[in-house]
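Trainee: Here is my input, please return the structure:
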Amino acid sequence: MKIIKLISAAPMFLLTFIAVVAQPITGTTEGANSIESAEGSFRYIASTLETFRETGRLVNNPGIDGSDFEAFIDLLNFYYDRFSNEFNPASAMCEFYRDPKNSRMTVKERAGLSFSFLRGLENRIELYTAVDEEFQMEIADEFGTFLLDNINALKAESLSDLQLPLSQFDEKASIAFVDSVCR
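Mentor: Numbering: from 1, shown residues only. You can find the predicted model right below:
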């Protein structure tokens, strides 16, 4: 009798155990995908805007027609600013880095202190994933899921010399990052 109760309880125990153990694994995978998605969205936005500014054309066009062109470029500019708010040329980080008063420091010291103006790594990642989620929702709302699907496909091909600061940078990487964004 005890064996039957134990056997009948085993599937419920096993399901509960699997649900508890698998949850962190799923959350980690989704988190990693969110980071990859945010990084891809930023690369797509940055490369599309850079090419547009250089050529006046939308080279990585996901299917925008003439009537939506301005609204799409405005949306990309808005989200570029949201992603790069803490590290764009007008940010406190770049102002500190370019300030002539700080030129007495070594480049290594100045870059390290400038980099400290960014949020902590965990907060940066939360910010970028939230901005990416907003970006994707707004694209779907304003232009449709067809366009969002096309953008998500183009993200893999997008190249940009700009990147999101998604990790702890060593001294060389901090200098390279600050130099690239504070031109």
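
Trainee: if I look at D65, how far off is L147?
Mentor: For D65, the distance to L147 equals 10 Å [CB to CB, to the nearest Å]. C-beta here means a position set from N, CA and C on the backbone, and glycine is covered the same way.

Trainee: Looking at these two, which one has more neighbours?
Mentor: Per other CB atoms under 10 Å, whichever of D65 and L147 has more neighbours is L147, with 18 against 9.

Trainee: From the chain's centroid, how far away is the strand or helix carrying the more buried one?
Mentor: For L147, the host element (DSSP states H and E) is helix 145-155. Counting by CA atoms, centre = their mean, to the nearest Å, helix 145-155 is centred 16 Å from the centre of its parent chain.

Trainee: so what secondary structure elements neighbour the helix or strand following that helix?
Mentor: The element immediately downstream of helix 145-155 (helix or strand, assigned by DSSP H and E) is helix 171-181. Other elements packing on helix 171-181 under the criterion 3 or more CB pairs under 8 Å, 6 or more residues apart in numbering; DSSP states H and E are helix 92-98, helix 107-115.

Trainee: Just the element for the residue nearest to A156 when sequence neighbours are not counted, please.
Mentor: Once flanking residues are discounted, A156 sits nearest to G40: 6.8 Å by CB to CB, 6 or more residues apart in numbering. Secondary structure from DSSP H and E places G40 in helix 2-55.

Trainee: Mind listing what's buried along whichever helix or strand comes after that helix?
Mentor: The helix or strand immediately downstream of helix 2-55 is helix 69-84, counting by DSSP H and E. Residues of helix 69-84 classed as buried by neighbour count (16 or more other CB atoms under 10 Å): F72, I73, L75, L76, Y79, Y80, R82, F83, S84.

Trainee: List the contacts of helix 69-84.
Mentor: 38, 41-42, 45-46, 48-49, 52, 58, 64, 88, 91, 128, 131, 134-135, 138-139, 142-143, 162, 164, 181 (CB atoms under 8 Å, 6 or more residues apart in numbering).

Trainee: With stretch 171-182 instead?
Mentor: 84, 87-89, 93-94, 97-98, 107-108, 110-112, 114-115, 161-163, 165, 169.

Trainee: Quick check: buried residues in it?
Mentor: Under 16+ other CB under 10 Å, the buried positions of stretch 171-182 are S174, I175, F177, V178, V181, C182.

Trainee: nearest to G120, of those residues?
Mentor: S174 (14.7 Å; CB to CB).

Trainee: gap between the closest one and Y128?
Mentor: 18 Å.

Trainee: One more: E39?
Mentor: Taken as CB to CB, the span from E39 to Y128 is 8 Å.

Trainee: Overlap of the contact sets of these two?
Mentor: With CB under 8 Å, 6+ apart, E39 and Y128 have common neighbours L164, L166.

Trainee: The two: who's more crowded?
Mentor: Y128 (22 against 19).

Trainee: Point me to the helix or strand that includes that one.
Mentor: helix 121-143.
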